[in-house]
Every structure is written in structure tokens, then in C-alpha cells.
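In: one predicted model, sequence on top.
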Amino acid sequence: MVRARPVLTFLTAVLLAVPGITALSSAARAADADLAVNGGFESGLSGWSCTAGSGTTVNSPVHGGGSALQATPAGSDNAQCAQTVTVQPGAQYTLSGYVRGSYVYLGASGTGTTDVSTWTQSAPDWQKLTTTFTTGASTTKVTIYTHGWYGTGAYYADDVSLVGPGASAGQPPAAPTGLKTGTIMSSSVALSWSAVTGATSYAVYRDGAKVQTATGTSATVTGLSASTAYSFQVTAVNSAGESAKSAAVTATTTAGSSGGSGDLPTHALVGYLHASFANGSGYTRVADVPDSWDVIDLAFGEPTSATSGDIRFNRCPVTECPNVESDADFKAAIKAKQAAGKKVLISIGGANGQVQLTTTAARDTFVSSVSNIIDTYGLDGLDIDFEGHSLSLDTSDTDFKNPTTPVVVNLISALKTLKAKYGSKFVLSMAPETFFVQMGYQYYGTGKWGGQDPRCGAYLPVIYALRDDLTLLHVQDYNSGPIMGLDNQYHSMGGADFHIAMTDMLLTGFPVAGDAGNVFPPLRPDQIAIGMPASTNAGNGYVAPSEVTKTLDCLTKKTNCGSYTTHGTWPALRGLMTWSVNWDRYSNWEFQKNFDAYFG
């Protein structure tokens with residue numbers, strides 16, 4: 001025993017003499033910290049964001065300290081409370097917290113590897129939940145969350161912690177590599193590059209000037225001139241600064257063409273006209289629509305049954321619309337609008353018109369029946385306003401770029417067929433709800449583990465497949481629940497910030513379901529109109545003209561912005577859409593007058 005002691009002393013000395021072994025181990029342990037902000041909820045909900053106002057803090061029951069989270073799910077909301085935390089790439093983290101209640105979940109998303117969650121079905125008293133994960137090679141932020149389950153009782157959470165190495169200022173990242181061009185059009189060039197470890201964003205340069213930033217590894221530079229050569233570079237950015245520029249790539253834009261623009265004015269006002277019904281706003285004749293309206297969507301063409309694909313357009317009967325014009329006058333008014341440079345479309349769907357093209361036979365019937373409506377009335381194109389359960393994704397359908405769900409695949413095929421039939425002047429627009437588009441930033445279909453609403457993000461594959469043929473996308477920024485923006489904060493209807501955040505997502509692009517390797521690319525600003533209700537009668541989410549002006553100022557001039565910071569400035573933004581012309585007339589043309597005053 002006595003003789004072993006010098007050996008131990010020798011081994012200890014050897015280990016200490018090996019450069020960095022003990023020092024690194026100690027440093028790694030010392031670097032670990034609790035990165036969760038206000039994990040004990042002692043400062044109310046500071047640092048946390050809860051869906052649909054579902055969360056609050058209470059003084060009892062608590063696990064530690066004087067406060068805890070109480071969140072109450074609803075029938076369509078799981079009461080998720082979340083915060084985004086800055087982390088180091090390629091590092092291990094332990095997430096834990098104390099919960100009580102029925103069906104309580106604790107998890108992390110955006111890890112860059114495998115997102116994790118743990119849960120308990122029943123915790124009548126405080127129960128600790130713990131899970132671990134390792135961040136991806138380029139992951140610098142993760143979102144930690146708690147939530148309950150739809151329609152169950154309130155749950156409680158307290159002393160949530162995320163333990164692991166904190167992010168340090170360090171050095172600026174390395175310059176990006178692998179920069180290459182993708183789709184090149186007359187006014188835009190798509191770019192992509194390899195991810196850089198430690199980068200939190202990327203800056204895109206055109207001919208040496210910084211033109212936009214990107215959170216993922218792709219961007220589309222818009223506002224370019226036709227038949228013009230451009231040089232592009234990118235840099236990687238983190239909290240320590242900006243990298244050197246990448247090697248340059250050059251691209252020459254294509255010759256000018258319609259590009260799906262449909263010969264619209266630079267800034268367009270789009271409105272739905274109740275053509276098959278009246279409701280409380282009353283019937284408005286086509287001839288009585290003021291010249292300010294550049295696109296008139298006739299609402300609605302509806303199917304004979306949900307799966308038939310047979311679309312019929314039945315004009316409002318005299319019994320419901322005493323002032324309805326004759327078919328001859330209706331067609332004559334359409335021709336007069338077109339002669340004045342206006343576009344008149346048939347809008348398919350609406351809240352009551354569920355369309356599910358489950359078979360190729362239904363697809364072909366859709367094409368022929370829609371063509372018949374367009375030809376009968378001499379229309380300029382088609383608006384897709386599929387709502388409700390028209391589009392939902394099969395469980396196995398997880399890639400928006402390569403959809404497999406029949407109702408999605410058949411709709412894409414039908415729209416491409418119609419576009420090919422009528423040519424480049426054919427106007428194609430879509431009016432999805434936020435649930436089917438921007439919600440795809442968080443969720444896509446049923447999700448990796450199932451249980452999510454299969455309609456989440458279901459419009460994304462249709463928009464993506466038709467991106468070069470699409471004239472206008474005007475998402476309905478109304479009748480919407482809270483939606484997470486690119487700032488990873490939930491935004492709710494009622495002010496300019498909601499419209500700014502939702503539109504910024506379309507013009508910047510976003511990773512689908514948090515997957516940085518699967519990015520929905522940005523659309524051109526001339527393809528985007530912002531959808532708003534014309535009045536308080538028209539739908540939830542009405543904003544006053546002053547808020548409409550703030551929205552336009554922020555997006556087109558980057559002035560008059562609120563709390564949301566946009567990722568660019570888009571003076572070529574096409575304009576506004578509203579539900580509806582009828583409701584705007586009912587409100588003394590408030591929406592139209594504000595548009596005219598802004599754009600002249």
C-alpha cells in the first residue's frame with residue numbers, strides 16, 4: 001500500500017502534464033449554465049410566449065419560489081408556452097422542469113438534430129420531467145416549451161431549466177462556401193449555399209452592396225432588371241460579427257415576360273364580389289364596382305359535391321338579390337371592366353365550397369368545369385380559395401417540395417393544365433388562410449410523431465409547385481389564431497404587426513416545421529397582396545386605415561414599423577386584397593379610399 005502511493009502521485013503528475021486535459025474538463029463543466037430565462041416564473045411570463053393568451057402565473061400551487069405557470073388548453077389550442085434560447089452548435093443540453101396536471105409536455109424544437117419531448121399523462125403533485133438533446137452543427141437557437149392537450153384541464157409548470165454550455169461571443173464565423181444559383185427569372189435569382197457553423201444569419205450582397213439577410217441557407221434576390229448580369233456573394237453573421245465574403249457567382253436574368261404577372265398595375269387593389277349570394281352587405285352589380293378595383297374575384301364557384309370536382313357558378317337569384325343584373329348585362333359589364341384594364345376571375349371554394357380532388361377523374365372534371373365557367377363569362381383567370389377540409393396531408397406526406405397526397409397532387413396538376421391551356425395572360429391567384437401557409441413554419445401535416453392537424457401548411461406544396469405561374473398570393477390575414485413569425489414570437493390579429501410579420505414570412509421564406517434544411521423559398525413582392533377584411537362586419541381581424549398605412553409603410557419603405565423587424569424592404573409589393581367589395585361599399589368605401597390615398 002505504501003509503495004502504491006508514489007505511483008498514484010506519478011500518474012497524477014502525468015495527467016496534469018498533458019496539455020489541456022484537466023483544464024478542458026474543468027472549463028467544460030464551468031461553462032455549463034442554466035440558459036432558461038425566468039424558468040421559475042418569478043417575473044410573470046417575462047421571456048415566455050403562450051398561445052392564444054392561455055398562460056398566466058399563480059402563487060399556488062408552486063414548486064419553488066413564489067410563482068408558477070398555469071396554462072389552460074382549449075378545444076383547438078394546447079396552451080403552449082415557449083421561449084427561444086441561444087445555444088452552442090454541437091453541444092449537449094439537459095432540459096428539465098417540474099409539472100403537475102393532466103397531459104403535460106416538456107420539449108425542445110429546432111435542435112438541428114432530433115427534437116425531443118417528454119410528458120406525463122397524470123401528475124396530481126409536482127413531478128420532474130427531464131430530457132436531453134445535442135444541437136446540430138450549425139444550430140445556435142432552440143425553442144423550449146411546455147404544453148398541455150386539447151380540451152383538458154389546466155396544467156402547471158415551474159423551475160424549468162436548460163443546462164448546457166452558453167453561447168460565447170467568440171469569433172465571427174467562416175466565410176460561406178458552395179454558393180450557387182438556382183432558378184433565374186427576369187426579375188429574380190435564387191441562391192443557396194452551405195451552412196456555416198456558428199452562423200446565426202447570412203447577408204446577401206449584389207454587386208458588392210448588401211441587399212438582404214437570410215436566416216437559412218437560401219435566398220431569392222428580387223427587383224432585378226431583365227437580361228442583366230449580376231454578381232452575388234454571401235457572408236455569415238453571428239454575435240461577434242460578419243465573416244469575409246464568399247466567392248462570387250454571376251447570373252444573367254432572363255428576358256422580360258409576363259412571368260405570371262397578368263399585366264397588373266404596379267400596385268393593385270383586389271376585392272371579392274359576392275356574385276352568387278347577397279348576405280348582409282347587399283348585392284353589388286359588376287358595373288357598379290368602382291374603377292379603383294384592379295382585380296375582381298367573383299365569389300363563388302362551388303362543387304356539386306366535395307369530391308366530384310364538378311364546379312358550378314350559380315348567379316345570385318332574384319329572390320335573394322332583387323337588383324341582380326341579367327346574364328347579358330353581367331357579361332357585358334365584365335367585358336367593360338376588361339376593356340378598362342381590369343381582371344375578372346372566378347373564385348372557387350369559399351367557406352362553404354369544400355373541394356377535394358381525391359381522384360384523377362375528379363381532377364379532369366375540375367379542369368373541364370372550371371374551363372366552362374371561364375369560357376362562358378369570358379373571364380381572365382381563376383382564384384383558389386380552398387378552406388376548411390379541402391386540403392390536408394396524408395401521414396406519410398412530409399416534404400412540401402415532393403407532395404404525395406392525392407388532393408394536393410391532383411390540384412397542382414389541374415392548375416398547371418389550366419395555365420397551359422389559357423397561356424401566359426391567364427391570371428392565377430390563391431387566398432389561403434394563415435393556418436395553411438404561415439403555420440407551416442412550426443408544423444407541417446401530422447408531424448414526425450403524429451397528432452398534429454394534417455391541414456397545417458397544406459397549401460405550401462401547391463404554392464411551391466405553381467410559384468412560377470402564380471400571379472397573386474393573398475393570404476387571408478383574418479379569422480386567424482395567433483401565428484408564430486420569423487422572430488419566434490406569436491403574433492395576433494388587431495394591428496399592423498400581424499400583417500407585417502405574416503407578409504415578411506412570404507417575402508423572406510422560412511424553414512418548414514423548423515427544418516433548416518427544408519426551406520420554403522420567398523415569393524416575389526409583385527406576387528404578394530395582403531388580405532384584410534374591409535370592415536368590422538366582414539370578418540375578425542379588421543384594422544383601421546391608419547394600421548393599414550403602417551403596414552404598407554413598414555413593408556415598402558421600412559418606416560413606421562412596430563415591434564416586428566422585417567428582413568427586407570419591398571417597394572414592389574403588389575398591393576392589398578379585401579373581403580369584400582360588397583362590405584367595403586357597405587362601409588362607404590373606406591378600404592378603397594385608403595388604398596387610393598396611399599398609392600395615388
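Out: Thanks, I have the structure now. Everything numeric here is computed off the predicted structure, so don't read it as measured data.

In: who are the contact partners of residue 129?
Out: 96-99, 104, 106, 118-120 (CB atoms under 8 Å, 6 or more residues apart in numbering). Any C-beta I mention is one placed from the backbone N, CA and C, and that applies to glycine too.

In: phi and psi next, for the nearest residue to residue 381 once chain neighbours are set aside.
Out: When the adjacent residues along the chain are set aside, residue 381 lies closest to residue 427, with 3.1 Å between them (CB to CB, 6 or more residues apart in numbering). Backbone dihedrals for residue 427, given as degrees, to the nearest 10, come out at phi -90, psi 120.

In: with residue 299 instead?
Out: The phi/psi pair for residue 299 (degrees, to the nearest 10) is phi -110, psi 120.

In: what about the helices in the stretch 501-600 of the chain?
Out: With DSSP state H, counting those that start in this stretch as the criterion, the stretch 501-600 of the chain has helices at 545-557, 581-586, 590-599.

In: export the ones you listed to a markdown table and tack on distance to residue 133?
Out: Listed next are those as a markdown table, based on distance: least, CB to CB, whole Å:
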| stretch | distance to residue 133 |
| --- | --- |
| helix 545-557 | 36 |
| helix 581-586 | 49 |
| helix 590-599 | 47 |
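
In: most neighbours per residue, which of these?
Out: Most buried of those, by mean neighbour count (mean count of other CB atoms under 10 Å): helix 581-586, with a mean of 25.

In: show residues contacting that one.
Out: Residues outside helix 581-586 that contact it (CB under 8 Å, 6+ apart): 271-274, 279-284, 289, 293, 296, 533-535, 537-538, 578, 590-592.

In: give me the distance between the two termini of stretch 531-548.
Out: Stretch 531-548 has an end-to-end distance of 11 Å (CA to CA, to the nearest Å).

In: can you give me the buried ones in it?
Out: Buried residues in stretch 531-548, counting neighbours by 16 or more other CB atoms under 10 Å, are found at 531-535, 538-539, 541-543, 547-548.

In: TSV for the helices of the stretch 501-600 of the chain, including mean pLDDT and distance to residue 90?
Out: Shown next, in TSV, are these (pLDDT from 0 to 100; distance: least, CB to CB, whole Å):
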stretch	mean pLDDT	distance to residue 90
helix 545-557	96	37
helix 581-586	97	54
helix 590-599	96	49
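
In: what's the closest of these to residue 387?
Out: With CB to CB, the closest approach to residue 387 among the helices of the stretch 501-600 of the chain belongs to helix 581-586: 17.5 Å.

In: distance between the closest one and the chain's centre?
Out: Averaging C-alpha positions (CA atoms, centre = their mean, to the nearest Å) puts helix 581-586 29 Å from its chain's average.

In: okay, it in CSV with CA atoms only?
Out: Provided in CSV are the C-alpha atoms of helix 581-586 (Å, rounded to 0.1, in the frame of the first residue of the first chain):
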residue,chain,number,x,y,z
VAL,A,581,-66.1,44.8,-52.4
ASN,A,582,-69.7,44.5,-51.1
TRP,A,583,-68.7,45.1,-47.5
ASP,A,584,-66.5,48.0,-48.5
ARG,A,585,-69.4,49.6,-50.2
TYR,A,586,-71.5,49.0,-47.1
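
In: coming back round to it: tell me which of the helices of the stretch 501-600 of the chain sits nearest to residue 382.
Out: helix 581-586 (18.1 Å).

In: need phi/psi at the residue positioned nearest the centre of the chain.
Out: What sits nearest the mean C-alpha location of the chain, by CA atoms, centre = their mean, is residue 438, with 2.2 Å. Torsion angles at residue 438 (phi, psi; degrees, to the nearest 10) stand at phi -60, psi -30.

In: ok, it touching residue 502?
Out: Yes. Using CB atoms under 8 Å, residue 438 is in contact with residue 502, at 5.5 Å.

In: about what we covered before: distance of the residue nearest to the centre of the chain from residue 412?
Out: Separation of residue 438 from residue 412 (CB to CB, to the nearest Å): 20 Å.

In: with just CA atoms, put stretch 270-288 into PDB.
Out: The C-alpha coordinates for stretch 270-288 follow below in PDB (Å, rounded to 0.1, in the frame of the first residue of the first chain):
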ATOM      1  CA  VAL A 270     -58.100  43.100 -55.200                       C
ATOM      2  CA  GLY A 271     -61.600  42.500 -54.000                       C
ATOM      3  CA  TYR A 272     -64.100  39.700 -53.800                       C
ATOM      4  CA  LEU A 273     -67.500  40.400 -55.200                       C
ATOM      5  CA  HIS A 274     -70.500  38.500 -53.900                       C
ATOM      6  CA  ALA A 275     -71.800  37.200 -57.200                       C
ATOM      7  CA  SER A 276     -73.700  34.100 -56.100                       C
ATOM      8  CA  PHE A 277     -75.200  35.400 -52.800                       C
ATOM      9  CA  ALA A 278     -76.000  38.700 -51.000                       C
ATOM     10  CA  ASN A 279     -75.700  38.300 -47.200                       C
ATOM     11  CA  GLY A 280     -76.000  41.400 -45.000                       C
ATOM     12  CA  SER A 281     -73.900  43.600 -47.300                       C
ATOM     13  CA  GLY A 282     -76.300  43.600 -50.200                       C
ATOM     14  CA  TYR A 283     -75.800  42.800 -53.800                       C
ATOM     15  CA  THR A 284     -73.400  44.900 -55.900                       C
ATOM     16  CA  ARG A 285     -73.600  44.800 -59.700                       C
ATOM     17  CA  VAL A 286     -70.300  44.300 -61.600                       C
ATOM     18  CA  ALA A 287     -70.900  47.600 -63.500                       C
ATOM     19  CA  ASP A 288     -71.200  49.400 -60.100                       C
END
